[in-house]
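[1] Sequence below, structure please.
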Amino acid sequence: MDVIIVVDMQVGMLDDAPKHDLQGVLDRINALTAMVRRGAGKVIWIRHCGKPGDGFEPHTPGWEFLPALIRRPDDIVVEKSLNDPFVGTSLRTTLADLAPGRVLVAGWATDFCVDATVRSCVSGDQHVVVVRDGHTLSDRPHLGAAAVIAHHNWVWDGLISNRSIRLATTHELLSEADALPDGRIHPA
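    Next comes the predicted model:
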């Protein structure tokens, strides 16, 4: 079974500068979550719970998931308060219970919460697939969003892992799933 972790794709992310290729990222996340579900996998939505008064304060409009995301009642939601969704949450136990063949990672923001998620998945001895075109952020004061994304994809591709880490585009993952009789993504 495969799991996809979708990080912090919430309404509050729309409050500041535009996000790089946001509509494309949303479309690709929806395609990948559908693919994982078809393969009997699980979708885990990470929801950031901010402090009172910020754009991600629990039970405010910014805390809600983006309405363009296709979510299902049997999807799992893990709430976090730090960049790393493994700290102080049930995510590690949830992954241990599910025992996925691989963990796909997508979401927002590339250089903060997505990066922390990728690194903790690698440290947690998971087979990791970073969706190369499935994460986003806004331009940073010193670097444009596309350059930050390219840099992080390069860094993640070089991480040392006891299992495997792979970067793949949505198209590659969908094509691989279509080529398999059961529609699942299998470890390389």
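
[2] after the strand or helix carrying Ala147 comes which helix or strand?
    Taking DSSP states H and E as the definition, one finds Ala147 inside helix 145-157. Downstream of helix 145-157, the first helix or strand assigned by DSSP H and E is strand 165-168.

[3] Mind giving me the packing neighbours of that next one?
    strand 128-136, helix 145-157 (3 or more C-beta pairs under 8 Å, 6 or more residues apart in numbering; DSSP states H and E). Where you see a C-beta, it was placed from the backbone N, CA and C, and this is true even at glycine.

[4] Neighbouring strands - and their directions - for that strand?
    strand 128-136 (parallel) (DSSP bridges).

[5] from the chain's centre, how far out does the partner strand sit?
    In terms of C-alpha atoms, centre = their mean, to the nearest Å, the centre of strand 128-136 is set 7 Å apart from its chain centre.

[6] Show me what the mean pLDDT comes to for that strand.
    Mean pLDDT, computed over strand 128-136, is 98.

[7] Show me the contact partners of it.
    For strand 128-136, the external contacting residues (C-beta atoms under 8 Å, 6 or more residues apart in numbering) are 7, 19-22, 24-25, 28-29, 32, 102-110, 114, 118, 121-122, 145, 149, 152-153, 156, 161, 163-170, 173, 185.

[8] Now do it against helix 145-157, angle only.
    Here strand 128-136 runs at 170 degrees with respect to helix 145-157, directions being taken by axes from the mean of the first three to the mean of the last three C-alpha atoms, to 10 degrees.

[9] Dump the C-alpha coordinates for strand 128-136 into CSV.
    Output of strand 128-136 as CSV, limited to C-alpha atoms (Å, rounded to 0.1, in the frame of the first residue of the first chain):
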residue,chain,number,x,y,z
VAL,A,128,10.0,8.3,0.0
VAL,A,129,8.8,9.7,-3.3
VAL,A,130,8.9,13.5,-3.5
VAL,A,131,6.4,14.7,-6.2
ARG,A,132,8.8,17.0,-8.1
ASP,A,133,6.0,19.1,-9.5
GLY,A,134,3.6,18.7,-6.5
HIS,A,135,4.9,21.4,-4.1
THR,A,136,4.8,25.2,-4.1
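
[10] which residues of this protein score low on pLDDT?
    181-188 (pLDDT under 70).

[11] buried stuff in the lengthiest helix in it?
    When the chain is parsed with DSSP state H, its longest helix is helix 22-38. When burial is assessed from 16 or more other C-beta atoms under 10 Å, helix 22-38 yields the following buried residues: 22, 25-26, 28-29, 31-33, 35-37.

[12] Next secondary structure after it?
    According to DSSP H and E, the helix or strand after helix 22-38 is strand 42-48.
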